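> Sequence first, then the predicted structure, then my questions.
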Amino acid sequence: MTTTPERLPILRGDGYELTYLMLASLFIASLVACNLIFQKFFVVGIPLPGGGEYTFVQSVGILAYPLTFLVTDILSEVYGARRANLVVTAGLVASIFTTLLVEVSDATTSAGFGTDDATFHAVFGLSKIAVFASMMAYLVAQYVDIRLFHFWRRLTKGKHLWLRNNASTMTSQTLDTFVVLALLAAFGAAGITWEAVPSLFINGVLFKWLFALADTPFFYLSVGWLRRRFPEQCALLDEDPA
C-alpha cells in the first residue's frame, strides 16, 4: 500500500525568494524585449497647459525600459543593493545571449517556407553598434541608479520613498540617454549625428522623466505590500541594506 507523501509547508522565506525571482524575470524580459523591438518608432503628443502640444518621437523599446528602473528600485528597497546589482548583471548576460542567438539565426538560410531571410532580417536584424551603445548605456545607468538609490536612502535615514525613487531614476535615465546618443553619434550609427543629439536628448529625457513620475504610486504600492508581506526580512534589511 502506497502512502501519499506529506506536503511540506510553504515557508514565509520561500515567498520572499519567489517574489525576488518574479521581479528578476520581469526585469530581464523587459530588457531583452527592448533590444528586440527598438526598430519601430511611434509619435505621441502631450497637451500643454497654455495650448498646443509637445510631440515625442520615440522607439517602442522605451515603453518597457522605464519598467526596468522601477523594478531595480523595488529590489533595492526590499532586497538590498547586492541582490539588485545581481539582477542587473543577469540582465546583461541575458541580453548578450539573446543578441548572439539572433545573429546566428539571422545568418542561417531559410528552408523556403515560413519566414524568408529578407523578412527575418528586416524584423530581427540588429545594428551591432546600436545594440552595443544600448548595452553600455544600460550597464552604466542601472548600476548608477542602484548606487544613488542607496545614497538617498542613507541620507534620508530610510524616509521619503518618493525622493530616492525619482532622484535616482531621473539621474540615471539622464545618464543613460546621454551615453547611448553619444555612442551612436560617435560611430555614426542609426543615422544619429552630433547636430541631432541635443534635441533627441531633451526629447528622450523628458519622456523618461514622465514615466519616472508616473510610476511613483506603483513604487509605493509595491514596496508597501512587500513590507507588509515580508516584515522580518525587511526589518533585517533596514539594519544592513547592503
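Okay, I see it. Model, not experiment: these values are computed from the prediction.
> What is the neighbour count of residue 219?
22 (other CB atoms under 10 Å). (Each C-beta comes from the backbone N, C-alpha and C, glycine too.)
> next one: residue 179
Residue 179, neighbours per other CB under 10 Å, totals 18.
> Buried residues, stretch 16-28. List them.
16, 19, 20, 23, 24, 26, 27, 28 (16 or more other CB atoms under 10 Å).
> so how far is residue 69 from the second one?
In this view, residue 19 and residue 69 are 18 Å apart by CB to CB, to the nearest Å.
> Give the next helix or strand downstream of the helix or strand bottoming out on mean pLDDT in the chain.
The element with the least model confidence among the helices and strands of the chain, by mean pLDDT, DSSP states H and E, is strand 53-59, at a mean of 76. Using DSSP states H and E, the next helix or strand after strand 53-59 towards the C-terminus is helix 65-79.
> how about the CA coordinates for that following helix, as CSV?
In CSV, the C-alpha atoms belonging to helix 65-79 read as follows (Å, rounded to 0.1, in the frame of the first residue of the first chain):
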residue,chain,number,x,y,z
TYR,A,65,12.7,50.3,-20.5
PRO,A,66,11.4,52.5,-17.7
LEU,A,67,9.9,49.4,-16.1
THR,A,68,13.4,48.1,-15.5
PHE,A,69,14.2,51.2,-13.3
LEU,A,70,11.0,50.7,-11.3
VAL,A,71,12.0,47.0,-10.7
THR,A,72,15.5,47.8,-9.6
ASP,A,73,14.2,50.4,-7.2
ILE,A,74,11.8,47.9,-5.7
LEU,A,75,14.6,45.3,-5.5
SER,A,76,16.9,47.9,-3.9
GLU,A,77,14.3,48.8,-1.3
VAL,A,78,13.2,45.2,-0.4
TYR,A,79,16.2,43.1,-1.2
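> Next, the angle from it to strand 53-59.
Here helix 65-79 runs at an angle of 80 degrees relative to strand 53-59 (axes from the mean of the first three to the mean of the last three CA atoms, to 10 degrees).
> what is the rounded mean pLDDT of helix 65-79?
Mean per-residue pLDDT for helix 65-79: 89.
> Touching that helix from outside, list them.
20, 23-24, 26-27, 30-31, 34, 83-84, 87-88, 91, 142, 145-146, 149-150, 153, 161, 164-165, 168-169, 172-173, 208, 211-212, 215, 218-219, 222-223, 226-227, 230, 233-234, 237 (CB atoms under 8 Å, 6 or more residues apart in numbering).
> Among the residues you listed, name the ones in strands.
Using DSSP state E, no member of the contacts of helix 65-79 sits in strands.
> Narrow these to just the buried residues.
Of the contacts of helix 65-79, these count as buried by 16+ other CB under 10 Å: 20, 23-24, 26-27, 30-31, 34, 83-84, 87-88, 91, 142, 145-146, 149-150, 153, 161, 164-165, 168-169, 172-173, 208, 211-212, 215, 219, 222-223, 226-227, 230, 233-234, 237.
> Any stretches of this structure with poor pLDDT?
Applying pLDDT under 70 to the chain flags the ranges 1-13, 126-127, 189-191, 240-242.
> Go ahead and flag the most central residue of it.
residue 68 (2.2 Å; CA atoms, centre = their mean).
> roughly how far apart are it and residue 34?
8 Å.
> Could you do residue 84 as well?
With CB to CB as the criterion, residue 84 and residue 34 are 18 Å apart.
> buried residues in the least confident helix or strand of the chain?
56, 58, 59.
> repeat for stretch 121-134
124, 126, 129, 130, 131, 132, 133, 134.
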